[in-house]
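# any chance you can model this:
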Amino acid sequence: MEVPALPEAEAKPVLHVCTTCRAGNPLAEGEAPPGRHLHDAVAAALAAHAAPPVELRPVKCMAACDHGCTAAMTAPGKWGYLLGRLDLSHAEDLLAYGAAYAASGSGAVLPSRRPASLRSVVLGRLPSLMEPQS
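Model (predicted):
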């Protein structure tokens, strides 16, 4: 799915990816967790875009350990979304979702407007801590 570019003046949403997610599996000593691999795959996908649709930030533990790799999409004045059951195959689709999220006034992106792989990954949403900017 192609990721549309955002207007220069528009703030990018932030995609927070849990780098400590183990996806419910034990890790061997020194093994990187699946969440770290997901973060790195998203970073590589972002590097391939001339105008990345999101800012990527690593996060330690989002307390959704029973839901595989997790991430959250946030932006000032918009709903924040907690996403779960993610893996490496979702990296590029997370960028497409970020572009759709950025284009939404409230941050709400209907399942029919998300990439097919992300239609059932929303675990929850949180209200914005800030009022929308005019």
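# and residue 99, what's its pLDDT?
We have a pLDDT of 95 for residue 99.
# no, scratch that, I was asking about residue 2
According to the prediction, residue 2 has pLDDT 52.
# swap in residue 5?
We note a pLDDT of 47 for residue 5 in this prediction.
# what's the answer for residue 56, then?
For residue 56, the predicted pLDDT is 97.
# so it sits in a strand?
Yes - counting by DSSP: H, G, I helix; E, B strand; the rest coil, residue 56 is found in a strand.
# helix, strand or coil for the residue positioned nearest the centre of the chain?
In the chain, the centroid-proximal residue (C-alpha atoms, centre = their mean) is residue 15; its distance is 4.1 Å. With three-state DSSP as the basis, residue 15 sits in strand.
# so who does the residue nearest to it when sequence neighbours are not counted touch?
The shortest distance from residue 15 to any non-neighbouring residue, by C-beta to C-beta, 6 or more residues apart in numbering, is to residue 54 (4.3 Å). All C-beta spots, glycine's among them, are computed from the backbone N, C-alpha and C. By C-beta atoms under 8 Å, 6 or more residues apart in numbering, the contact list for residue 54 reads 12-15, 46, 73, 94-95, 98-99, 102.
# redo that, cut-off 10 Å
3, 6, 12-16, 42, 46, 73-75, 94-95, 97-99, 101-102 (C-beta atoms under 10 Å, 6 or more residues apart in numbering).
# residue 119 and residue 113: what is the separation?
In this view, residue 119 and residue 113 are 10 Å apart by C-beta to C-beta, to the nearest Å.
# residue 46 now?
The separation that residue 46 has from residue 113, given C-beta to C-beta, amounts to 21 Å.
# could you do residue 127 as well?
21 Å.
# before we move on, back to that, residue 46 and residue 113: which has the busier surroundings?
Neighbours per residue, other C-beta atoms under 10 Å: of residue 46 and residue 113, the larger number sits with residue 46, 20 against 14.
# part of a helix, is that one?
Yes - per three-state DSSP, residue 46 lies within a helix segment.
# got the contact list for it?
For residue 46, counting by C-beta under 10 Å, 6+ apart, the contacting residues are 3, 15, 52-56, 91-92, 94-95, 98.
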